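Enquirer: Just a sequence and a predicted model for now, questions to come.
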Amino acid sequence: MARPASGWISTPDGRDGWATYFLRKGDAVYVVDQSGAAFRLINDVYGPTSTQSREYVMQRFTTVEKYISGRRRNCTTKWPGTAEPGHSAFDDYFASKFPG
C-alpha cells in the first residue's frame, strides 16, 4: 500500500521529493493525501475515466531501457530494484497515481 503523499515526500530511489525541497527553502508546504475516494467522485461527476496500464507505466516511466533500441538503449532510470510490478517502489508509485 502506498504511503500517504509519498510522491511528494521522496523519490523512489530515496532522494528528497518536492515537498522536502520547498520546506528546506523555507516555504510553507501543504501535502494532501490522494485517496481512492477521489477517483470514485470523479467517475460519479464526469463519468468513467481511463488510466494507463502497468505495461504503459513500465514503458514510459520505470523500465524504459527495456523498450527502446539503439544508442539510448543504455539509459538508466533512478528506480530501485526491478521497477516492475511486485517491487514496493513500483507498486507504491502505481497506487499513488491510478485507481486500484
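Expert: Thanks, I have it. Residues are numbered from 1 along each chain as shown.

Enquirer: shaky segments in the chain?
Expert: 1-7, 33-45, 47-50, 69-77, 98-100 (pLDDT under 70).

Enquirer: Helices of that one, start to end?
Expert: Applying DSSP state H to the chain gives helices spanning 6-9, 18-24, 36-46, 54-57, 88-97.

Enquirer: from memory Y93 sits against D13, does it?
Expert: No: using Cβ atoms under 8 Å, Y93 makes no contact with D13, being 11.4 Å away. The way it works is simple: take the backbone N, C-alpha and C, and place the C-beta from them, glycine included.

Enquirer: The two - which one has more neighbours?
Expert: Y93 (21 against 12; other Cβ atoms under 10 Å).

Enquirer: For E84, see how far away the more buried one is.
Expert: To E84, Y93 is 11 Å away according to Cβ to Cβ, to the nearest Å.

Enquirer: Enumerate every residue touching H87.
Expert: 80-81 (Cβ atoms under 8 Å, 6 or more residues apart in numbering).

Enquirer: Relative to T51, how far out is it?
Expert: Distance of H87 to T51, computed by Cβ to Cβ: 20 Å.

Enquirer: Same question for A83.
Expert: Per Cβ to Cβ, A83 is found 19 Å from T51.

Enquirer: And these two? Which one has more around it.
Expert: Neighbours around A83 and T51, counted as other Cβ under 10 Å, are more numerous at A83. The numbers are 22 against 12.
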